[in-house]
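> what's the 3D shape of this:
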Amino acid sequence: MTNKTRETTLEIDLGALAHNYKYLRSKTPKDVKFMAVVKAYGYGSKAEVISQKLSELGVDYFAVAYTYEGISLRKAGIENSILVLHPQSVNFEEVIDHCLEPSVYSHFVLTEFIQTAERLGLKDYPVHLKLNTGLNRLGFDEVELDEVLTLLSQTSAIKVKGIFSHLAASEVWKEREFTLGQINKFRNMAHKLVEALGYRPLLHLCNTSGIMNYPEAAHDMVRSGIGLYGFGNDSEVSKHLKPIGTLKTIISQIHNIEPGESVGYNRAFIASDKTKIAVLPIGHADGINRQYGNGKAGVIVNGKYAPIIGNVCMDMLMINITGIDCTDGDEVIIFGGPQPATDFAETGNTISYELITGISQRVKRVIIQ
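Numbers count the residues shown, from 1 in each chain. Down below sits the predicted model:
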């Protein structure tokens, strides 16, 4: 059991994290490595703590989006290999200084990283080649592979440690044909690279949904992000996972509103009857955006649903507590427990990814062991 909060907090349950990792690992062949994606502050939680726990549990690799995220993990004592998914050339020396492994996804990035590695006198520095198999975001296209191989053959400063791509719709069954096409394209492109290199780097393609839906594409390593934090992209998967985060706050003040009185900016809520409202110390600067206001979403107060009324403010929001037995200081659950983040996000016409990664760093993180 967790303690009642006395302020706005995001509780992070490491027991739930361990459960999710063990479940996803059980769906992965034993000889396949596991990469945990901890970008964006560990999907809005606390990346350093998440990584330390996962390292204890036996995760092989970590992935971050940007260089500074990898540096933060190193400073927190993480010794595992760390892939930087979207490195910028200005940070290449920092990448090397902290023994991070860059994703090399374009001619510019490849040539710039080779130049940096050669200037520093490096030999066989590990990089991962990112291939574009249909997501059309980052990655080399098939027609660029000959040029990539030529550049690699002309230097001993770097060595390909991994070859990877990203599935675009592995959670969508109606896109199965497209996904199988991506898998096949990745295999063909990777085979060409492996033959020319003369050795086999780590091949990795599957994300969380790929782990569940396309186990035949596990290759040498799988990558999981959202699943570790307790969310699948399918209800059947989600029921086996435990969301690690619970966002809580308290009631700051209660008001009794007379008919015709308004609440909040722009008088967006006007009472038609006598209404009891509560003010909460959380707002759009904390990640609960204006899209959730005006009755779209609600929160849980002493087990009862209370809709958000009026416009969400920067630091506060108001809820309708008419008929709910509560008082100043009582705990309020925004999401987690009885109201999963997926449900809350849907009321704002968005997804759990956006909601949980958008929780501001000014919200206190509380670790539940």
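
> report the secondary structure state of Glu94.
Classification of Glu94 using DSSP: H, G, I helix; E, B strand; the rest coil returns helix.

> mind listing what Gly303 touches?
Gly303 is in contact with Pro338, counting by CB atoms under 8 Å, 6 or more residues apart in numbering. Where C-beta positions appear, they are placed from N, C-alpha and C, glycine not excepted.

> so for it, what's the pLDDT?
Here the pLDDT value assigned to Gly303 is 97.

> ok, Thr208 next?
Predicted confidence (pLDDT) for Thr208: 96.

> residues near it, how many?
Thr208: 27 surrounding residues under other CB atoms under 10 Å.

> can you give me the buried ones in stretch 161-176?
Lys161, Gly162, Ile163, Phe164, Ser165, His166, Leu167, Ala168, Ala169, Ser170, Glu171 (16 or more other CB atoms under 10 Å).

> over to stretch 16-28?
Result for stretch 16-28 [16+ other CB under 10 Å]: buried residues Ala16, Leu17, Ala18, His19, Asn20, Tyr21, Tyr23, Leu24, Arg25, Lys27, Thr28.

> also stretch 56-69?
Val59, Asp60, Tyr61, Phe62, Ala63, Val64, Ala65, Thr67, Glu69.

> list the contacts of it.
By CB under 8 Å, 6+ apart, the residues outside stretch 56-69 that reach it are 18, 21-22, 25, 33-40, 47, 51, 54, 70, 73, 78, 80-88, 91, 94-95, 98, 100, 221, 223, 225.

> now list the buried members of those.
With burial judged by 16+ other CB under 10 Å, the buried subset of these is 18, 21, 25, 33-40, 47, 51, 54, 70, 73, 78, 81-87, 91, 94-95, 98, 100, 221, 223, 225.

> which of these fall within strands?
Lys33, Phe34, Met35, Ala36, Val37, Ser81, Ile82, Leu83, Val84, Met221, Arg223 (DSSP state E).

> which among these gets closest to Ala157?
Taking CB to CB as the measure, Ala157 lies nearest Val84 of these, at 17.4 Å.

> for the closest residue to Ala18 other than its chain neighbours, give its distance to Tyr21.
Nearest residue to Ala18, sequence neighbours excluded (CB to CB, 6 or more residues apart in numbering): Leu57, at 5.9 Å. According to CB to CB, to the nearest Å, Leu57 stands 5 Å off from Tyr21.
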